[in-house]
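[1] I'll drop the sequence and a predicted model, then ask my questions.
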Amino acid sequence: MIFIIDAHLPKSLCKYFRALGHTALHTTDFPLGNATSDGWLSEEAAKKGAVVISKDTDFYNSFLLDRKPPKLVMVKVGNLKLRDMKHLFETQAESLALLLESHDLIELHLDNAIVLH
């Protein structure tokens, strides 16, 4: 599975998905870096069949309207310290990957992941 992590989240989150054998990219890995537009990321995710992980509700709205990106993890945790965000993904990356095998939209909260679609 391919994961694209949006600019509002740290690049270090890629390592949790890579450790599971997945490809993980951050917006900084693309030519425009963190200035990459949401539309471009959604199109790239659609081309690659990738999952976008973001805190940006624009992706949620785009998913509901156009199914772009094709798979989305909405991170709904507010502002967390970096260590807390890393801990969340360290403990949830495997579960998210498993859920995404059969679901397309997941909300990630501090205490659970909710399948929406």
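    Nice, I can see it. Numbering: from 1, shown residues only.
[2] residues in contact with stretch 107-117: which ones?
    For stretch 107-117, contacts defined as C-beta atoms under 8 Å, 6 or more residues apart in numbering pick out 63, 73-77, 88, 92, 95-96, 99, 103-106. Bear in mind the C-beta positions are built from the backbone N, C-alpha and C, glycine included.
[3] redo that, cut-off 10 Å
    53, 55, 60, 63-64, 67, 71-78, 80, 84, 88-89, 92, 95-96, 99-100, 102-106 (C-beta atoms under 10 Å, 6 or more residues apart in numbering).
[4] give me the buried positions along it.
    Neighbour-count burial for stretch 107-117, with 16 or more other C-beta atoms under 10 Å as criterion, is recorded at 107, 108.
[5] with only the CA atoms kept, save that stretch in CSV.
    Written as CSV, here are the backbone C-alpha positions of stretch 107-117 (Å, rounded to 0.1, in the frame of the first residue of the first chain):
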residue,chain,number,x,y,z
GLU,A,107,-11.1,9.0,11.1
LEU,A,108,-8.2,8.6,13.5
HIS,A,109,-8.8,9.9,17.1
LEU,A,110,-6.6,9.7,20.1
ASP,A,111,-8.5,6.7,21.5
ASN,A,112,-9.8,4.9,18.4
ALA,A,113,-10.2,4.7,14.6
ILE,A,114,-13.7,5.1,13.2
VAL,A,115,-14.5,3.5,9.8
LEU,A,116,-16.8,5.9,7.9
HIS,A,117,-16.8,4.3,4.4
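[6] so how far is that stretch off the chain centroid?
    12 Å (C-alpha atoms, centre = their mean, to the nearest Å).
[7] grab the most central residue of this structure for me.
    Closest residue to the average C-alpha location of the chain: residue 53 at 1.1 Å, with C-alpha atoms, centre = their mean.
[8] any idea which helix is longest in the chain?
    helix 82-100 (DSSP state H).
[9] quick check: mean pLDDT of that one?
    Per-residue pLDDT over helix 82-100 has a mean of 96.
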